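Novice: turn this into a model:
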Amino acid sequence: MNKGNLVTHSSVLQEKRERVMTLSDDGFIRMDFKHLMETSLSHLISVNEETRFTAPYTHIFGFTEWVSVITPVISVGWDWKLSHDDQFIKIVRVGQPRSNLMFTDYMQCDIGLNNTEELIIQKIDMIAWEMIIKDQIFKPNSRSGMVLSHS
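Specialist: Have a look, this model is predicted:
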């Protein structure tokens, strides 16, 4: 048996991982959507950027960023606002997410920024991020309207 031609299980797994997720020269991590859905994201930071007082409401805006623990590090961030009506207060995502991801199709071709953003929203909707933001907004120890958290 020629050991030079021997393909090991670990080399096949490494090759598969490299095809699934690669860091490109343009700064994007290219991967398929399924891989993101299987990847855990951890809260890195949330910032209360702006608070406006307009009777009878207070308007609070900010952003949050979540990251993976795998390398290369996936970063997903988005803007949020405190939304309220006469009965409920809730935290809602505003606009499109920002990320270093570009999803690829089965032929390893980019699916485009807009399609990638729409799919990232599906991942965001699986995260209980609203509770973390709400806890930080109403945390009594927050300073200068800005709260940093690593969880």
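Novice: so where's the chain uncertain?
Specialist: Applying pLDDT under 70 to the chain flags the ranges 1-20, 50, 52-57, 140-151.
Novice: what bridges to residue 47?
Specialist: Beta bridges link residue 47 to residue 63, judged by DSSP bridges.
Novice: thought it was touching residue 62?
Specialist: Yes: checked against Cβ atoms under 8 Å, the pair residue 47 and residue 62 is within contact range at 5.2 Å. Using the backbone N, CA and C atoms, a C-beta is placed for each residue, glycine as well.
Novice: of these two, which one has the most company?
Specialist: Higher neighbour count among residue 47 and residue 62: residue 62, with 22 against 17, using other Cβ atoms under 10 Å.
Novice: which parts of the chain are strands?
Specialist: In the chain, strands defined by DSSP state E lie at 21-23, 29-31, 42-54, 57-67, 75-84, 89-99, 101-103, listed in chain order.
Novice: for residue 130, which of those is the nearest?
Specialist: Using Cβ to Cβ as the measure, strand 89-99 is the one of those that comes nearest residue 130, at 4.3 Å.
Novice: quick one: contacts of that closest one?
Specialist: Outside strand 89-99, the residues that touch it by Cβ atoms under 8 Å, 6 or more residues apart in numbering are 61, 74-84, 116-117, 120-121, 124, 129-130, 133-134, 137.
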